[in-house]
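> What follows is a predicted protein model with its sequence.
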Amino acid sequence: MIKKISWKLFFTYIIIIIIFAISIELLATFHLRNYYIDYLASDLESTAHLIKDFLYKDISENNLFQIKSKTETLGKEIKTRITIVDIKGKVLSDSEENPTLMDNHADRPEIKEAMLGKTGKSIRYSFTLEIDMLYIAIPIVNDNHQILGAIRLALPLTEVNKNIGYLHRIVLSTTIIGLLIATLISIIISLNITKPIKEMTEISKKISKGDFSKKLKIHSQDEIGQLSLALNQMSEDLESKIKIISEDRNKIEVVLSSVIEGIAAIDKKGKLIICNNAFEKIIHCSQNKVLGRFHWEIIRNNQLNEILKETIQKGQTSTQEITVLFPQEKIFYASATPLGEKENIWGAVVVLNDITQIKKLEKMREEFIANISHELRTPLTSIQGFIETLKEGAINDPEKTQHFLEIIEKQSNRLNSLVEDILKLSKIESQEIVVNLQSTNLKELLDKVMAEFKEKIILKKIQISTNISPQFPLLKVDPEQIELALRNLLDNAIKYTPEKGEISISFLEREKDIYIEITDDGIGISQEHLPRIFERFYRVNKDRSRDLGGTGLGLAIVKHVVQAHKGTIGVDSTLGKGSKFFIILPKN
Ligand code: ADP
């Protein structure tokens, strides 16, 4: 199958040229043959007139002998057959045959014509000679205008055919040469015509692939030139429009990718048409694989799929809290809105807001309240109980009274320190309280705190060592809060270290920060408790902590103080061997 237009053009040309060449060939041969025969016929007619004049006397006198001998002689000389017939068609003489053996010639078409006084002409196939013959007959008319007979000359057309064949070969070879030249010219023409079309095809293919770098050269002002011009213009327009569209798209993509909310849009059929990075992370898949696919194939969360389906079906905004379990459990506030007019909804967009932290805080707050109530209720119940017992008569027993009052005092102290710790914690946690940064001498702060615990240290015979360089710098911190943190850490170290234990405190100035470490060789903490040790009210052993006057809020307070100073806190501990608490504070 011919696909290329150049080939189509070429073959069209060739077919036209061949038809043309054949027509020329046929016409030329036909006309040349006719012309040649006419020429021979008129030549024969002239010769016949000459012979008629030459033989007229003998014919009019009916001198058969003379007629015969002259006919034979003349026929040989002019190499043409001469036949003389009388008015009835009887052959009087023939230059090549015996007239007595010949048929009557009255029925021969040329003789018939001649007998009517005209020049008769006929071309017939001679069965005797097996060739085409040209016959010319003229009448022999006397002075009284009477037709006496006819002279007929006959010439074989072999020569004509030979000459025509020769001419035919000349015409044929000329046609073939012409055909070859025409072929060459038609190839050049068809290639020239199709070259710009080819260029246009290539450029159009490039344009369709988004490559607008190549432009067409304008070779002419004709229709092809105009088309090239229009194509160049179209390419430019398309390029600028695509640029505008892609710029707009880029802007939208940047905006979408920078928002922290997960955003996705689907069309009416449920296929994903837009999805931002945050959404990808939430549903845990990559963007180029999800676009164009149905949301239920991609999103492995029934709640989210349902809300999207419902929005498309009902054409109403719907919201719901959804829980995503993978890769980690998170809670999102999903809000799906239909896209388009009420009668013509073409899609829906869903926005996922991560509310895990809010939910966690809510839960923590609830737990905190529950914990506070519980922690407060315990000493209060105890105080209430002993007061009741005293009122019921125990007050009369001085020994019991003393004992109960001691318990009441202990419980109210505990209540007091609990309320104090809660207040401290809420004060630090409260965002309204700003850290009051002042140049502080940490060594002085530590000395002050250590002085507060002097009695306890002596009582428990604890060995305490400090390691602070004399050039330790002043640090911009909130002195009150850091004092509180140091107090809590030292309090714990003393509380959870048995008698004759050792505590060491070191302050280290490093390149970018200050490193504070409080180590004890006390009871230590087993590994499973370490991750939760800084939570509010978290205690490894509730009863022991209570006995020691602990509230379970000390480390939570320390953690908040350190965080308020943009620092970090950590613990390293082995059960039965001791603990190491460290704080890293940035140098401003
Ligand atoms: P508490 O008032 O109970 O001491 P904290 O918040 O200060 O509360 O400490 C939480 C828990 O961490 C304590 O109950 C205790 O089990 C453990 N802990 C804190 N410091 C130490 C320490 N230095 N050695 C061993 N255990 C400690």
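Nice, thanks for sending it over. Numbers count the residues shown, from 1 in each chain.

> Point out where the stretch 401-550 of the chain drops to low pLDDT.
Counting by pLDDT under 70, the ranges of the stretch 401-550 of the chain that qualify are 430-434.

> The residue of it found nearest the ligand: helix or strand, and which one exactly?
Closest to the ligand within the stretch 401-550 of the chain is Gly550: 2.6 Å, counting by CB to the nearest ligand atom. In this view, the C-beta of every residue, glycine as well, is placed from N, C-alpha and C. Gly550 belongs to no helix or strand when elements are defined using DSSP states H and E.

> just the one 10 residues further on next, same as before
Using DSSP H and E, His560 sits within helix 554-564.

> what's the answer for Ile569, then?
Ile569 is part of strand 568-574 when elements are defined by DSSP H and E.

> what about that strand and the ligand, touching?
No: remark: strand 568-574 sits outside contact range of the ligand, by CB under 6 Å from any ligand atom, the gap being at least 6.6 Å.

> which parts of that strand are buried?
Neighbour counts over strand 568-574 (16 or more other CB atoms under 10 Å) mark 569, 573 as buried.

> Helix or strand next in line after it, which one?
Following strand 568-574 in sequence order, the next helix or strand is strand 578-586 (DSSP H and E).

> Pick out the residue of the stretch 251-400 of the chain closest to the ligand.
Glu375 (10.6 Å).

> can you count the residues close to the residue lying closest to that residue once chain neighbours are set aside?
Leaving aside its sequence neighbours, Glu375 sits nearest to Leu418 (CB to CB, 6 or more residues apart in numbering; 5.7 Å). Around Leu418 there are 20 other residues, counting by other CB atoms under 10 Å.

> ditto for the one 10 residues further on
Around Ile428 sit 21 other residues, with neighbours defined as other CB under 10 Å.

> quick one: contacts for it?
Taking CB atoms under 8 Å, 6 or more residues apart in numbering, we find Ile428 in contact with 481, 557, 560-561, 564.

> Does it belong to a helix, a strand or coil?
helix (DSSP: H, G, I helix; E, B strand; the rest coil).

> hmm, back to that, out of the contacts of Ile428, which is most surrounded?
Highest count within those by other CB under 10 Å belongs to Val561, 26 neighbours.

> Show the pLDDT at that one.
At Val561, the pLDDT value in this model is 92.

> list the contacts for it?
Applying CB under 8 Å, 6+ apart, we find Val561 in contact with 428, 478, 481-482, 484-485.

> try 10 Å this time
424-425, 428, 435, 477-478, 480-486, 488, 567, 569, 583 (CB atoms under 10 Å, 6 or more residues apart in numbering).

> now, which of those residues lie within strands?
477, 569, 583 (DSSP state E).

> Surely the last one touches Ile518?
Which is Ile583. Yes: between Ile583 and Ile518 there is a contact under CB atoms under 10 Å: 8.5 Å.

> So between the two, which is more surrounded?
Neighbours per residue (other CB under 10 Å) separate Ile583 from Ile518, with Ile583 holding more: 24 against 19.

> Against Leu508, how distant is the residue nearest to the more buried one when sequence neighbours are not counted?
Computed as CB to CB, 6+ apart, the closest residue to Ile583 that is not its neighbour in sequence is Ile516, at 4.4 Å. Separation of Ile516 from Leu508 (CB to CB, to the nearest Å): 8 Å.

> Spit out the residues that contact those two alike.
The contact sets of Ile516 and Leu508 overlap at 468, 582, 584 (CB under 10 Å, 6+ apart).

> I'd assumed the residue of the stretch 251-400 of the chain closest to the ligand was in a strand, is it?
No: judged by three-state DSSP, Glu375 forms no part of a strand; its state is helix.

> In contact with Ile408, which residues are there?
Neighbour list for Ile408: 379, 382-387, 390 [criterion: CB under 10 Å, 6+ apart].

> Any residues of the stretch 451-588 of the chain in contact with the ligand? List them.
488, 492-493, 496, 520, 522-525, 533, 538-541, 545, 550-556, 579.

> Make a PyMOL selection of the buried ones in those residues.
The buried residues among these can be selected in PyMOL (16+ other CB under 10 Å) with this line:
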select buried, resi 488+492+493+496+520+522+523+524+525+533+538+539+540+545+550+551+552+553+554+555+556+579
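
> Give me the below-cutoff pLDDT ranges for this structure.
Along the chain, segments meeting pLDDT under 70 span 1-3, 128, 286-288, 430-434.

> ok, which residues in this structure are in contact with the ligand?
Residues of the chain lying near the ligand (CB under 6 Å from any ligand atom): 488, 492-493, 496, 520, 522-525, 533, 538-541, 545, 550-556, 579.
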